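**Q** quick one: sequence and predicted model below, then my questions.
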Amino acid sequence: MRIGAHVSSTEPLAEATARGADIVQFFLSNPQSWSKPSSRTDATELAHSDVAVVIHAPYVINVATTNNKVRVPSRGLLGAYAGAAKAVGALGLVVHGGHLPIDEDPGLGVENWRKTFTYAEREGGFATRILIENTAGGKNAMARNLDRFAQLWDAVSEYEPGVCLDICHAHAGGEDLLTIVDRMKAITGKIDLVHANDSKDGFNSGRDRHDNLGNGQIEIELLRAVVAAADAPVIVETPGGATAQSADIALLRRLLSP
C-alpha cells in the first residue's frame, strides 16, 4: 500500500523525500482559479519516478451545476487538467462531485455529469482517469452522501471513472465510517484512492476542515480500519508541512503493519 501526502507543486519529488512518501498529490495551478496548467519542466522525471503521482483538480470545477457560466468552463478545465496529469504520469485526477443550487433537482446534476463524460468521449475521452471524490458539505451536493453518490455512479459508471474516498469528508458528511467502505464498494465495486484525514469538526458537521491523524474528532482505530478495508493508495491532506505529514505517514504505516 503506497502512503504519501498532498504537497506543494514546486518540487513534489523533493517533498516526497522529505516526508518518506512513496506517492504524492498536488495541484498543477492555483486551485481557486480558472487558470489552465502550464507544461512542467519535470514532467518526464515525474512520469518515470518510483514515486507515484496523483493530481488534484481545482476546487472551482463544478460540472454538475446548471449555471452555464460555471459548468462549461469546468468541462474545459477538467479536460485540460486530465491532459496535463497524463504528461506527469499521474495515476488519476481527483475531482469533487460538485453541487447544484438548493432548489434544483439533483437529477440535473447527474445528467450534467453524464454529459461531461459523453462530450469528452467524442474527443477520445479524458486523457487521465477521473477519480470522483466524496465531499463534506452542501445540502444539494452530488457526492456528500452515498445515496446521491449512487445516483451519480449509475449515470457515469460505463465511462469507467475511479473513486476517491475522503475519510474526513465522509465523517463531516454524516456517513458511518464503520460501514463506509463496504457501502461504497457495493455501489462502485472499488476504491482507487483514500484521503486519510482526521476532522477538526464533529460528525455530520458539513465542515471540510482536516486535522492531523489522532488530533481530531475521528477515533484513530476507526480511521485505520477504513484505510485497511479500502486497500488502496493513501494520501494525507493534513496540515503542518513536512514535519507533521511525516508523522502522519509514519503513524499510518505503524498502524497498518502486520
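**A** Yep, that arrived.

**Q** quick one: contacts for the closest residue to residue 42 other than its chain neighbours?
**A** Leaving aside its sequence neighbours, residue 42 sits nearest to residue 13 (Cβ to Cβ, 6 or more residues apart in numbering; 7.4 Å). The C-beta positions use only the backbone N, C-alpha and C, and glycine is treated the same way. Counting by Cβ atoms under 8 Å, 6 or more residues apart in numbering, residue 13 touches 24, 42, 45, 46, 49, 51.

**Q** after the helix or strand encompassing residue 80, which helix or strand is next?
**A** Assigned by DSSP states H and E, residue 80 falls within helix 68-87. Counting by DSSP H and E, the element after helix 68-87 in chain order, helix or strand, is strand 93-96.

**Q** okay, now the unreliable bits of this structure?
**A** Applying pLDDT under 70 to the chain picks out no residues at all.

**Q** surely residue 110 is in contact with residue 142?
**A** Yes: with contacts counted by Cβ atoms under 8 Å, residue 110 reaches residue 142, the gap being 7.2 Å.

**Q** and those two? Which one has more around it.
**A** The neighbour comparison of residue 110 against residue 142 (other Cβ atoms under 10 Å) goes to residue 142, with 27 against 20.

**Q** show me what contacts the more buried one?
**A** Residues in contact with residue 142, defined by Cβ under 8 Å, 6+ apart, are 64, 97-100, 106, 109-110, 113, 135, 148-149, 152.

**Q** just give me the closest of the residues you listed to residue 208.
**A** Nearest to residue 208 among the contacts of residue 142 is residue 135, at 7.3 Å by Cβ to Cβ.

**Q** what about residue 40, neighbour count?
**A** 16.

**Q** could you check how far the nearest residue to it once chain neighbours are set aside is from residue 23?
**A** Nearest non-adjacent residue to residue 40, counting by Cβ to Cβ, 6+ apart: residue 88, 6.3 Å away. Distance of residue 88 to residue 23, given as Cβ to Cβ, to the nearest Å: 13 Å.

**Q** out of the two, which sits in the more crowded spot?
**A** Counted by other Cβ under 10 Å, residue 88 and residue 23 do not tie: residue 88 has more neighbours, with 23 against 20.

**Q** the more buried one reaches residue 41, doesn't it?
**A** No: contact between residue 88 and residue 41 fails when scored by Cβ under 8 Å: they sit 11.0 Å apart.

**Q** just the buried residues of the contacts of residue 13.
**A** Buried by 16 or more other Cβ atoms under 10 Å: 24, 46, 49, 51, out of the contacts of residue 13.

**Q** which one is the second one nearest to, not counting chain neighbours?
**A** Just to be clear, that refers to residue 46. That would be residue 88: by Cβ to Cβ, 6+ apart, it lies 4.2 Å from residue 46.
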